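*Asks:* below are the sequence and a predicted model for it; my questions follow.
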Amino acid sequence: MKNIIFIAPPSAGKGTVSDYLVKKYGYVHLSTGDMLRNEVARGSELGKEIDTLISAGKFVSDELIIRLVREALLKEDIHKPFILDGFPRTLVQAHQLDQMLFLLKIIDYVVIYLDINLDTAIKRALGRVVCPKCKRSYNIYCDELKPKLDNLCDECNVLLEKRNDDTEETFRERYQTYLVNTNPIIKYYQDRGLLVTVDATEEINMVYQNIDAIINNRSLKRENEE
Ligand code: AMP
């Protein structure tokens, strides 16, 4: 199974697709957003600084995030396929990741760009609720992604929460930060023939099928195609 690096605007569905891949194929899920939110939850000084940045829709420093990802990659059993969800988000991070993968002798990976327009992404952000325990994402505006019982995690049975960066104002800032910093790395991977684009505005089961096709080397499906 190929390792996966997701590149996407905020709320394109990286977390939801990652949950699916973890369940179906046993991927190790490395989410930089979750790593940062864990630090915030610990209430450390660093956590407070991170919280201020995330709540304002800004990125944390390249230095910090690179350190966290390096530690996570070294700690995980890298013989298991992994998903990088939320990293790299800048060109500096992409260059550092190349070095890490080279040193770890990881060559089998694909970069999947989840393409979504601003309006759809805002709607998804405003409907998102997350389990504070297992981190699974749900969406109250999407039948396939609603919790079975109102506002309760299907698996942990605890109350779902809204992320505090999922307000419309912060979302617009996050999207702007994405356009300036992350957009350039799409071309970086495209030029090296590593990028595959998936239309993330499609219905979620179609997105899953297309991701399945990529990691199993089949061709992608379009909407209304049998
Ligand atoms: P996510 O859960 O992936 O949407 O990430 C939530 C927030 O964490 C982002 O809006 C950023 O503020 C921060 N963050 C996550 N990954 C990175 C990264 N690779 N570089 C900088 N900031 C990040």
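*Replies:* Received the coordinates, thanks. Residues are numbered from 1 along each chain as shown.
*Asks:* now do the strands in the chain.
*Replies:* Per DSSP state E, the chain carries strands over the ranges 3-7, 28-31, 82-85, 109-115, 128-130, 137-139, 195-199.
*Asks:* who's in contact with Val198?
*Replies:* The contact partners of Val198, by CB atoms under 8 Å, 6 or more residues apart in numbering, come to Ile112, Tyr113, Leu114, Asp115, Val207, Asn210, Ile211, Ile214, Leu220. In this view, the C-beta of every residue, glycine as well, is placed from N, C-alpha and C.
*Asks:* repeat that with 10 Å
*Replies:* Residues in contact with Val198 (CB atoms under 10 Å, 6 or more residues apart in numbering) are 6, 8, 12-13, 17, 112-116, 206-211, 213-214, 220.
*Asks:* returning to that earlier point: how about CSV for the strands of the chain, with distance to the ligand and mean pLDDT added?
*Replies:* Output for those, formatted as CSV (distance: least, CB to the nearest ligand atom, whole Å; pLDDT from 0 to 100):
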stretch, distance to the ligand, mean pLDDT
strand 3-7, 9, 97
strand 28-31, 6, 94
strand 82-85, 6, 96
strand 109-115, 12, 96
strand 128-130, 9, 95
strand 137-139, 9, 93
strand 195-199, 17, 96
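*Asks:* burial count for Glu168?
*Replies:* Number of residues near Glu168 (other CB atoms under 10 Å) recorded here: 9.
*Asks:* hang on, isn't it packed against Asp119?
*Replies:* No: using CB atoms under 10 Å, Glu168 is not in contact with Asp119, being 11.5 Å away.
*Asks:* quick one, what contacts the residue in the chain that the ligand sits nearest to?
*Replies:* Distances between the chain and the ligand by CB to the nearest ligand atom are smallest at Gly33, namely 1.9 Å. Neighbouring residues of Gly33 by CB under 10 Å, 6+ apart: Pro10, Lys14, Gly15, Ile54, Asp85, Gly86, Phe87, Lys135, Arg163, Asp165.
*Asks:* and it, how far is that from Asn183?
*Replies:* 19 Å (CB to CB, to the nearest Å).
*Asks:* and what of Leu30?
*Replies:* According to CB to CB, Leu30 stands 22 Å off from Asn183.
*Asks:* tell me which of the two has more neighbours.
*Replies:* Taking other CB under 10 Å, Leu30 and Asn183 do not tie; Leu30 has more neighbours (22 against 11).
*Asks:* what does stretch 64-74 contact?
*Replies:* 28, 30-32, 35-36, 38-39, 46, 49-50, 53, 59-61, 82, 84, 86-90, 92-93, 95-97, 99-101, 103-104, 106.
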